[in-house]
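In: I'll drop the sequence and a predicted model, then ask my questions.
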Amino acid sequence: MAKKKILKKKDSGISKIRLVSSSVKDTLKIGRVIAGSLSKGDIICLFGDLGSGKTVLTKGIAHGLGIRAEEIISPTFVLIQRHLQSKFPVYHFDLYRMEKPKDIINLGYEEYFFGDGVSVIEWAERLKYLLPKDYLRVKLQVKGKDKRLLEFSASGIRHKELLQLIKEKL
């Protein structure tokens, strides 16, 4: 499995987890571990360049929630895919082609982010001022042909608890 390094800030508990994934299989497994700790209303924001593994991680999360990995794709012009046949609804946002935050406002994003499912958002940096206050942040970086660095951090009480749960399972 991936190599893990826990970074802590003095007196604030866990602040970041850094993992190195050596393969697609590792990244999928990390996604399944994340899924095992998720609850309704959780928001996972993915940041990273093209090819950094955001969709692969999303496939792992979805699979861990009972969705076939093949159902998770990065469509060219679809901003959101709804997967309702799982442990709880999964809302997969791919904001690569989003030009302005108002594009997502028109989708009624708040019903997804703060509803009865889990939201996984690729290209979350494009949300800008719409980025939720409470979310799990995963930054993915290419470190070689098959290697990826995944850096987890959390914003808000619930997602700091989620980060701790993930740390314990990895």
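Out: Okay, I see it. If you're wondering where the values come from, they're calculated on a predicted model, not measured in any experiment. Numbering: from 1, shown residues only.
In: before we move on, what SS does residue 25 have?
Out: Of the three states, residue 25 takes helix according to DSSP: H, G, I helix; E, B strand; the rest coil.
In: so how far is residue 148 from it?
Out: Look at residue 25 and residue 148: by C-beta to C-beta, to the nearest Å, they are 12 Å apart. C-beta coordinates here come from the backbone N, C-alpha and C atoms, glycine included.
In: Those two: who's more crowded?
Out: Just comparing residue 25 and residue 148: by other C-beta atoms under 10 Å the higher neighbour count belongs to residue 148, 26 against 13.
In: Mind listing the residues bridging to that one?
Out: Taking DSSP bridges as the rule, residue 148 bridges to residue 21, residue 142.
In: Pretty sure it sits against residue 24.
Out: No - the criterion here is C-beta atoms under 8 Å, and residue 148 misses it with residue 24 at 9.1 Å.
In: overlap in contacts of these two?
Out: residue 53 (C-beta atoms under 8 Å, 6 or more residues apart in numbering).
In: dump the residue contacts of residue 104.
Out: Neighbour list for residue 104: 79, 93, 95, 98, 127, 130 [criterion: C-beta under 8 Å, 6+ apart].
In: What strand or helix carries it?
Out: Applying DSSP states H and E as the criterion places residue 104 in helix 102-105.
In: Could you do residue 77 as well?
Out: Residue 77 belongs to no helix or strand, assigned by DSSP H and E.
In: I'd like to know how many residues surround the closest residue to it other than its chain neighbours.
Out: In space, and not counting its chain neighbours, residue 77 is closest to residue 97: 6.0 Å by C-beta to C-beta, 6 or more residues apart in numbering. By other C-beta under 10 Å, 14 other residues sit near residue 97.
In: ok, now residue 40?
Out: 11.
In: same thing with residue 74?
Out: Count around residue 74 with other C-beta under 10 Å applied: 16.
In: and the residue most central in space within the chain, what is it in contact with?
Out: Nearest to the mean C-alpha position of the chain, counting by C-alpha atoms, centre = their mean, stands residue 44 at 3.6 Å. Counting by C-beta under 8 Å, 6+ apart, residue 44 touches 34, 38, 61, 118, 119, 120, 121, 135, 136, 138.
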